[in-house]
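Fold the following and give me the result.
(one chain, ligands or ions: 1)
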Amino acid sequence: MEQRNYLQIPGPTNVPDRILKALSKPLVNHRGEQFKEIMVKSIEGLKEIFRTDNDILIFPSSGSGVLESSIVNLFSPGDTLLISSNGVFSERVALISETYGINVIRITKEWGQAIKPEDVRKELEKDTEKKIKAVCLPQNETTSAITNDIEGISRVIKERDHPALFLVDVISSLASLPLETDNWGIDVAIGASQKGLMLPPGMGIVTVSKKAWEAVENSKLPKWYWDYKAVKSKMESYQFPYTPPTSLFFGLVEAIDMIREEGLENIWDRHNQLARAVRAATVAMGLKIFSEKGYESDTVTAIVMPEGIDFPAFSKVIRTNYGVVLGGGLQKLSGKIFRIGHMGSISKTDIYAIMGAVEMSLYELGYAVELGTAAKAVSGVFLK
Ligand SMILES: Cc1ncc(COP(=O)(O)O)c(C=O)c1O
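Numbering: from 1, shown residues only. As a prediction, this is how the structure comes out:
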């Protein structure tokens with residue numbers, strides 16, 4: 001029997017049928033009138049989703065590509081950046097920066113621990129010469145399933161009256177967790193298509209503030225494909241310096257419609273409620289949540305592998321018997337945790353299915369759990 005697949009890795013996420021249909025539309029001329037209309041709708045919609053009046057730039061790219069774009073467009077060799085290091089994706093920005101001869105001050109934390117406003121405050125206080133050109137971190141560190149307090153960190157930068165730019169990777173939080181790009185003073189927010197936006201991978205999106213544009217003017221790093229000025233100038237006439245991913249734009253317009261129909265704040269609430277249900281079921285089954293308490297992500301949950309069960313065996317059982325695909329631990333967390341993605345197109349019923357499948361698969365592998373525990377805990381959250 002063909003069964004529905006639950007792609008519960010922390011991105012790419014399940015693409016809803018409405019978007020799949022939009023993606024399959026016949027292609028259009030990317031320099032023609034039809035595409036212009038699509039671009040106008042896309043930019044308008046993205047501004048609502050990022051909560052910004054800043055410029056929006058779009059790239060045919062993975063998330064890492066647009067992360068690199070922010071570094072090469074804003075900085076110069078020898079600049080100093082303050083960057084979080086508590087997971088694969090925060091560390092990736094540090095590595096990209098070092099590749100380009102930038103000095104990196106790392107805020108290093110155990111993986112699973114969040115970066116707090118006081119961590120940033122301490123570093124900014126030490127920076128009496130105001131050498132730090134930017135504070136860079138992800139809103140949601142997908143590796144360890146923690147959410148950093150971006151609003152709190154933005155307040156610290158403001159209070160200290162520090163001239164640093166604020167660069168935030170929102171790749172695994174966009175259209176899922178509360179984000180206020182302008183109110184939180186985010187100069188460059190960096191997103192991608194394949195998570196909360198419910199699209200396939202292949203589109204990177206950045207927002208660029210006025211202050212960030214000033215930095216662009218002073219940047220001496222080489223760029224061509226990523227050149228923000230070139231892309232902005234082409235996008236002003238609704239074109240690109242190269243061929244854009246037209247099909248993804250069809251999907252994006254549909255995603256924007258779906259997001260407007262549900263309402264962005266309702267989407268944030270839904271993610272919070274579903275994540276609480278996932279965590280309640282996890283704890284009820286006697287499993288341990290890996291991430292620091294109070295900073296658990298509402299888009300992905302990291303769970304410590306129970307004693308005696310290994311991830312490859314578990315992921316095989318849950319995939320073959322229940323059609324649920326889960327994420328493993330990355331790099332030093334490999335074999336230690338498993339991750340359940342719960343962002344984008346996901347409902348209450350999906351949570352029963354996923355957590356029920358987690359329970360049954362662990363049970364089949366010898367884990368001691370009373371069957372029905374997960375569903376009961378999920379219902380407990382939904383009843384409140
Ligand atoms: C927070 C975060 N940043 C960056 C990336 C890298 O994105 P990509 O794999 O599309 O290059 C990811 C991917 O999961 C992510 O979750």
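
show me the contacts for the residue in the stretch 51-200 of the chain that the ligand sits nearest to.
Taking CB to the nearest ligand atom, the ligand has its nearest neighbour within the stretch 51-200 of the chain at Gly63, 2.6 Å off. From N, CA and C alone the C-beta is placed, and that goes for glycine too. Residues near Gly63 by CB atoms under 8 Å, 6 or more residues apart in numbering: 169, 171, 190-192, 194, 204.

same deal with Lys109?
84-86, 115, 119.

Tell me which two of these sit farthest apart.
Maximum pairwise distance in the contacts of Lys109, criterion CB to CB, is 11.0 Å, between Ser85 and Asp119.

Mind listing the shared neighbours of the two?
The contact lists of Ser85 and Asp119 share 107, 109, where a contact means CB under 8 Å, 6+ apart.

how about the helices in this structure?
17-23, 33-50, 63-74, 88-99, 117-126, 150-159, 210-218, 228-235, 246-262, 264-284, 311-322, 348-364, 373-383 (DSSP state H).

returning to what we had before: looking at the contacts of Lys109, which is nearest Ala230?
The closest of these, once distances to Ala230 are taken by CB to CB, is Ser84, at 29.8 Å.

How many neighbouring residues does that closest one have?
26 (other CB atoms under 10 Å).

can you pull up the bridge partners for it?
Per DSSP bridges, the residues bridged to Ser84 are Ile107.

Relative to Glu307, how far out is it?
Distance, Ser84 to Glu307, using CB to CB, to the nearest Å: 31 Å.

With Glu37 instead?
Glu37 is 57 Å from Glu307, by CB to CB.

cool, and Glu91?
For Glu91 relative to Glu307 (CB to CB), the value is 29 Å.

before we move on, what about Asn321?
22 Å.

For the two, indicate the residue with more neighbours.
Ranked by neighbour count (other CB under 10 Å), Asn321 and Glu307 place Asn321 first, with 13 against 6.

ok now do that one, which residues does it touch?
For Asn321, counting by CB under 8 Å, 6+ apart, the contacting residues are 357, 360-361, 364.

ok, the residue lying closest to Glu180 once chain neighbours are set aside - contacts?
The shortest distance from Glu180 to any non-neighbouring residue, by CB to CB, 6 or more residues apart in numbering, is to Arg51 (4.9 Å). By CB under 8 Å, 6+ apart, the contact set of Arg51 is 179-183, 264.

residues from the chain in reach of the ligand?
Contact residues (CB under 6 Å from any ligand atom) of the chain with the ligand: 11, 62-64, 89, 138, 140, 142, 169, 171-172, 192, 201.

Selection in ChimeraX covering whichever of the contacts of Asn321 are buried, please.
Selection of buried members from those for ChimeraX, criterion 16 or more other CB atoms under 10 Å:
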select :357,360,361
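
mind giving me TSV with the contacts of Asn321 and columns for pLDDT?
TSV is the format used below for the contacts of Asn321 (pLDDT from 0 to 100):
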residue	pLDDT
Ala357	98
Met360	98
Ser361	98
Glu364	98
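
out of the contacts of Asn321, who's nearest the ligand?
Ala357 (22.5 Å).

how near is that closest one to Pro16?
20 Å.

again with Asn272
For Asn272 relative to Pro16 (CB to CB), the value is 20 Å.

Neighbour count for those two, which is higher?
Using other CB under 10 Å as the criterion, Asn272 and Pro16 rank with Pro16 on top: 18 against 15.

Isn't the more buried one up against Met258?
Yes. Pro16 sits in contact with Met258 when judged by CB atoms under 8 Å, with a separation of 7.1 Å.

Give me the common contacts of the two.
Met198.

to the chain's geometric centre, what's the distance from stretch 196-205?
10 Å (CA atoms, centre = their mean, to the nearest Å).

again, but for stretch 236-246
24 Å.

how about the CA coordinates for that stretch, as CSV?
Output in CSV follows, covering the C-alpha atoms of stretch 236-246 (Å, rounded to 0.1, in the frame of the first residue of the first chain):
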residue,chain,number,x,y,z
GLU,A,236,14.0,47.1,-9.0
SER,A,237,13.0,46.2,-12.6
TYR,A,238,11.6,42.9,-11.4
GLN,A,239,14.5,40.8,-12.9
PHE,A,240,17.6,39.1,-11.8
PRO,A,241,21.2,39.1,-13.0
TYR,A,242,20.7,35.4,-13.7
THR,A,243,17.9,32.9,-14.2
PRO,A,244,15.7,32.9,-11.1
PRO,A,245,14.0,29.7,-9.8
THR,A,246,10.7,30.5,-11.5
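
And the contacts of it?
By CB under 8 Å, 6+ apart, the list of residues contacting stretch 236-246 reads 27-28, 30-31, 35-36, 38-40, 58, 60, 202-203, 225, 227, 230-231, 234.

Going through those, which ones are buried?
Using 16+ other CB under 10 Å, the buried members of the contacts of stretch 236-246 are 28, 30, 35, 38-39, 58, 60, 202-203, 227, 231, 234.
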